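Colleague: I'd like to go over a predicted model; first the sequence, then the structure.
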Amino acid sequence: MAPEEWLRLIQNATKTAIIQDGKRKVHFLMKDGREMVEEYHLQTNVVVRRAWKEKGKLGQDVGWKVEIGDPEPRQSNIEIYGIEESSNTPFITRRITKTALEWRIRNLTYPQNVYSVTAEDDNTITIRTTNKKYFKKIIVPDLERAGLKVEQDRISFIYQFNTLVIKYKKPPALLELEKKILDKILQLKARNDGDVQCPIS
Amino acid sequence: MAAVSAAKCQEVREITRIERIGAHSHIRGLGLDDSLEPRHVSQGMVGQLMARRAAGVVLEMIKDGKIAGRAILLAGQPGTGKTAIAMGMAQALGMDTPFTSMAGSEIYSLEMSKTEALTQAIRKSIGVRIKEETEIIEGEVVEIQVDRPATGVGAKVGKLTLKTTEMETIYDLGNKMIDSLMKEKVQAGDVITIDKATGKINRLGRSFTRARDYDATGSQTRFVQCPEGELQKRKEVVHTVTLHEIDVINSRTHGFLALFSGDTGEIKSEVRDQINAKVAEWREEGKAEIVPGVLFIDEVHMLDIECFSFLNRALENEMAPVVIMATNRGITRIRGTNYKSPHGIPIDLLDRMIIVPTSPYQEKELKEILKIRCEEEDCEMADDALTVLTRIALETSLRYAIQLITTASLVSRRRKSMEVNIDDVKRVYSLFLDENRSTQFLKEYQDDFMFNEIQEPMEIS
């Protein structure tokens, strides 16, 4: 996707904004019917949460898929589906800071020196372990939307407290795109009070 | 001749069967050859050659999928195989074509209107073949561990460790999944896939690295590579859903959980219009394919005039399925009116139908059917006993004779014999009355039954 396309999608979306709990919350209803919610920190104007409302192909609600921020608390539906990851398997959360995209993979209990993080040809950041215990291909939607490739020399990672923290330094093109979108959002008139109904269709 | 036809009906059987034996469970198809010629005894079907041939032609029409909204009426006396032919068609169509079977009286419900029940039945008979992405887990089993509670009762707890060439993950298992893993006999070294949404397990084979675990392996053991990359993958699968299922998912008041509880209530017509538009759109984009199915209405004379006029209209819709109806009535009153009509169906609807008659079975055919039923009910019967039973079927009814099979076999088992002989049949024949003898009996002893005096004032008036 070219960056202009994403910009246009945001521009044409029906947007609703409120200020709540020290965050500017914006709801987007895209022209193609998709719904997205972003939450910006009031002081820093950094996205702390971004979630998409997922719909199944037949129109059934699947729930919110969190792209950035802490995932929704999972309820155990092991008796419905019969299988789920054990609670101590690694899981990923995403954050965004002013200058970098960050991933935290928690519950990684393997030694420090087994991890390797590389930018791959299929435009993913790939995490490998030499002991063959953990493997993950991370798709970076922000870069995809800006039409950028993942570059190896922007990646850095550290491992501490059973957590692998991966940082990807934002390329200038992405910074510029984010700034344009933020400008648009700051122009939106935000309501301060609670009960706002967002258009959903 | 008889020996040849007996050999023909010895077709492949499943070794373990779980289903119970129903009235039509011996039917496995229409018993036609490739040129739609009916074989005399095949796939559980006997005789009724013309009707079966007609059904075969209809089947071709359905498989073609081009013609919408045709109605076929199977008409014939009771016990001439109308439902059997419909079941045979359902079997011949296969799993992927929706086949909805309902009885005419099913539409009378307090919870929904008659037309709603009919609309739902019609929409249950139209399938949409659609591609959808599902999440599957694909990996080699490292360890499977199941803990049963010490008391022996209560939920089992299970853990499954799966790996690929790159990673390894531990999964918690629910009770159902433990059971199906047990049933599939999954063990360490197997490469399996699990569909996360449905919990369906598929054993791909054994991992090459475990090829030397045992000195001897069965010839059918397939060895596969350990999967690569991530354990969880997104895969595109094609599946068929019915329009009714999409309706239910999209009717906001219920959500898709209503599908499981079965309580769907009425669905708004706006929802249906929306779905129709969406399906048409998918179809144009090539994302989905319509699979027209079959709606079978048994005892169709139980529908009333409103339903018939609704059906008249509904059949004209291009999304309508092929409707097969069956009735055992002759010229009778149309329900809800005072008019009489053939089969209890209004003439204008009859005009839109093609009518397939079924005729009473001949003695030889009755014998074949009884033989097939004997086999289906695991009952060995002596030849002379079968002849007597055929005689009974001819004089009373086929259904009564079929009832006698199991009862006679129980009697023969009481005297520790493996085979049912003529005396057993005679004995159950005297134990259980058929409809004729029962009527006879009632007429003779009418005066000794209760409330018989009520009958008399009515006769006087």
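Modeller: Right, received. Where do you want to start? Numbering: from 1, shown residues only, chains lettered A, B, ... in the order given.

Colleague: Please count neighbours and contacts with C-alpha atoms only from this point.
Modeller: OK.

Colleague: what does the host helix or strand of residue A:101 contact?
Modeller: Residue A:101 is located in strand A:100-106, with elements delineated by DSSP states H and E. Contacting residues not belonging to strand A:100-106 are listed as A:90-96, A:162-170 [C-alpha atoms under 8 Å, 6 or more residues apart in numbering or on different chains].

Colleague: In its sheet, which strands sit next to that strand, and in what direction?
Modeller: Here strand A:100-106 is paired, per DSSP bridges, with strand A:91-96 (antiparallel), strand A:163-169 (antiparallel).

Colleague: Following the chain past the longest one, name the next helix or strand.
Modeller: I take that to be strand A:163-169. helix A:172-187.

Colleague: Would you mind listing the buried residues in that following helix?
Modeller: A:174, A:177-178, A:182, A:185 (16 or more other C-alpha atoms under 10 Å in any protein chain shown).

Colleague: isn't residue B:202 right up against residue B:193?
Modeller: Yes: with contacts counted by C-alpha atoms under 8 Å, residue B:202 reaches residue B:193, the gap being 5.2 Å.

Colleague: got the buried residues of helix A:172-187 as a markdown table, with distance to residue B:26 and pLDDT columns?
Modeller: Formatted as a markdown table, the buried residues of helix A:172-187 follow (distance: C-alpha to C-alpha, whole Å; pLDDT from 0 to 100):
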| residue | distance to residue B:26 | pLDDT |
| --- | --- | --- |
| A:174 | 68 | 91 |
| A:177 | 68 | 90 |
| A:178 | 68 | 90 |
| A:182 | 70 | 90 |
| A:185 | 69 | 87 |
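
Colleague: Find the least confident helix or strand in chain A, judged by mean pLDDT.
Modeller: Within chain A, no helix or strand scores below helix A:78-81, which has a mean of 72 by mean pLDDT, DSSP states H and E.

Colleague: tell me which element residue 87 is part of?
Modeller: Chain wasn't specified; assuming chain A. Per DSSP H and E, there is no helix or strand for residue A:87.

Colleague: Wait, chain B was what I had in mind.
Modeller: Assigned by DSSP H and E, residue B:87 belongs to helix B:82-93.

Colleague: Return the mean pLDDT over that helix, rounded to an integer.
Modeller: Per-residue pLDDT values over helix B:82-93 give a mean of 86.

Colleague: Same check on stretch B:379-389?
Modeller: So the average pLDDT for stretch B:379-389 ends up being 89.

Colleague: now swap in stretch B:181-195 and tell me
Modeller: On average, stretch B:181-195 scores 88.

Colleague: Do me a favour and get the end-to-end distance for that stretch?
Modeller: Chord length of stretch B:181-195, first to last residue, is 13 Å (C-alpha to C-alpha, to the nearest Å).

Colleague: gap between that stretch and the chain center?
Modeller: 29 Å (C-alpha atoms, centre = their mean, to the nearest Å).

Colleague: ok, now stretch B:41-52?
Modeller: Per C-alpha atoms, centre = their mean, the centroid offset for stretch B:41-52 relative to its chain is 18 Å.

Colleague: Pick the most buried one from the strands paired with strand A:100-106.
Modeller: Here the criterion is mean neighbour count by mean count of other C-alpha atoms under 10 Å in any protein chain shown, and of the strands paired with strand A:100-106 the winner is strand A:163-169, at a mean of 20.

Colleague: where does that one sit relative to the chain's centre, distance-wise?
Modeller: Offset of strand A:163-169 from its chain centre (C-alpha atoms, centre = their mean): 14 Å.

Colleague: any low-confidence regions in the stretch 1-150 of chain B?
Modeller: B:1-19, B:65 (pLDDT under 70).

Colleague: now do 90
Modeller: B:1-72, B:76-118, B:120, B:126-136, B:146-150 (pLDDT under 90).

Colleague: Let me see the ranges of the helices in it.
Modeller: B:2-8, B:49-64, B:82-93, B:114-124 (DSSP state H, counting those that start in this stretch).

Colleague: Of all these, which one comes closest to chain A?
Modeller: helix B:114-124 (15.3 Å; C-alpha to the nearest C-alpha).

Colleague: returning to what we had before: enumerate the positions of the least confident helix or strand of chain A that are buried.
Modeller: Under the neighbour-count criterion of 16+ other C-alpha under 10 Å, helix A:78-81 has A:78, A:81 buried.

Colleague: ok, that helix near chain B or not?
Modeller: Yes: Helix A:78-81 reaches chain B (C-alpha under 8 Å from any C-alpha of the partner chain) through A:78-79, A:81.

Colleague: now the strands for the stretch 251-400 of chain B?
Modeller: When secondary structure is read from DSSP state E, counting those that start in this stretch, the stretch 251-400 of chain B shows strands at B:288-292, B:294-298, B:322-327, B:331-333, B:340-342, B:353-357, B:380-381.
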